[in-house]
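In: the following comprises the amino acid sequence and a computationally predicted model.
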Amino acid sequence: MLNTYTSYQLIARDIPKAIDQVESQPVVKRETDYYLANIGNVKTIDDFVNNTRLFNYAMKAYGLEDMAYAKAFMVKALKEGVSDSDSFANKLSDKRYADFVKAFNFAAYGSTATLFPSAQQGAVDKYMRQTLEENAGETNQGVRLALYFQRKAPNITNWYDVLADTALSSVVRTALGLPDAFASADIDKQAQAFEQKLDIADFKDPDKLNKFLTRFTSLWEINNPTSSAVTSVSVLFAQPTTVGISTDLMMAMQKLKF
């Protein structure tokens, strides 16, 4: 089994190719064809949420698949829209809901809401990326987290954005070598600690982001070894690469700044 660092790099170096592989999967292709053929026929919020197949596809595209059952919750968000800063979706700390409502903006555009690119190919593109990350997570959650962070990084504007997202904050804690218990500390102290150790502007620089995620995937591998032989830092550097840690991961580790 490939380690976390190698698995992530194989995907990240050619995301379009990885997406093409996702698109070619029979189930994905079937659901996508159905979605594109029918989403434009949806004219109302009730039409949308009552077509379970379409609604579930859209919810997954925005990473909200686990909330697809909460239709009343989503109806309220869709009805109030996002034009008012005090609307239901805008007041939720999880920005995925506001993004979803903005893409399917029935409050602003009524029966034409599903004809906009954001509700059609835009949703499909997000579905493909979401599926790619989920597929990666089936064999290695560290790879899924790295891909998720890579996708979200350009839009991170402050450390509170990170702390509001358990997946993003988990990546940062791992990269900084902080224990999970640190997540229970005062939110302002967590933000201060992150700020002291990292420059958030680096996440917008592809090279610096890649270096950060190299650090994350390498440390994730130490904490969650794909090979039971790799159980500690001492084992990592004391044993030959044949015990389960590859040469490329060894080289990546040597580049890290602790």
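Out: Yep, it's here. Residues are numbered from 1 along each chain as shown.
In: where does the chain have low pLDDT?
Out: Within the chain, the ranges that satisfy pLDDT under 70 run 227-258.
In: verify the stated contact: Leu213 with Ala146.
Out: Yes - using CB atoms under 8 Å, Leu213 makes contact with Ala146 at a distance of 5.0 Å. (Each C-beta comes from the backbone N, C-alpha and C, glycine too.)
In: of those two, who's got more company?
Out: Ala146 (29 against 24; other CB atoms under 10 Å).
In: buried stuff in stretch 107-123?
Out: Residues of stretch 107-123 classed as buried: 107, 113-114, 118-120, 123 (neighbour count, 16 or more other CB atoms under 10 Å).
In: equivalent analysis for stretch 90-108, please.
Out: Buried, per 16+ other CB under 10 Å, within stretch 90-108: 90, 97-107.
In: how long is that stretch from one end to the other?
Out: Stretch 90-108 stretches 15 Å from its first residue to its last (CA to CA, to the nearest Å).
In: and if you look at stretch 180-187?
Out: 14 Å.
In: hang on, the earlier thing: what touches both of Leu213 and Ala146?
Out: Taking CB atoms under 8 Å, 6 or more residues apart in numbering as the contact rule, Leu213 and Ala146 both touch 8, 12.
In: one step back: want to try TSV for the buried residues of stretch 107-123, with secondary structure and distance to Gln141 as columns?
Out: Listed next are these as TSV, based on DSSP: H, G, I helix; E, B strand; the rest coil; distance: CB to CB, whole Å:
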residue	secondary structure	distance to Gln141
Ala107	helix	36
Ala113	helix	35
Thr114	helix	34
Ser118	helix	29
Ala119	helix	31
Gln120	coil	31
Ala123	helix	25
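In: can the residues you listed go into JSON lines with extra columns for distance to Leu209?
Out: As requested, the buried residues of stretch 107-123 are exported to JSON lines (distance: CB to CB, whole Å):
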{"residue": "Ala107", "distance to Leu209": "35"}
{"residue": "Ala113", "distance to Leu209": "34"}
{"residue": "Thr114", "distance to Leu209": "34"}
{"residue": "Ser118", "distance to Leu209": "25"}
{"residue": "Ala119", "distance to Leu209": "29"}
{"residue": "Gln120", "distance to Leu209": "29"}
{"residue": "Ala123", "distance to Leu209": "25"}
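In: now the two most distant members of those.
Out: Largest separation among these by CB to CB: Ala107 and Gln120, giving 18.4 Å.
In: measure the nearest residue to Ala107 once chain neighbours are set aside to Asn90 for me?
Out: Nearest non-adjacent residue to Ala107, counting by CB to CB, 6 or more residues apart in numbering: Gly81, 2.7 Å away. Distance of Gly81 to Asn90, given as CB to CB, to the nearest Å: 9 Å.
In: quick check: which element contains the residue most central in space within the chain?
Out: The centre of the chain sits closest to Tyr148, judged by CA atoms, centre = their mean, with a distance of 2.8 Å. Using DSSP states H and E, Tyr148 sits within helix 141-152.
In: after that helix, which helix or strand is next?
Out: That would be, after helix 141-152 and using DSSP H and E, helix 159-163.
In: name the residues of that next one that come out as buried.
Out: Those would be 159, 161-163, for helix 159-163 by 16+ other CB under 10 Å.
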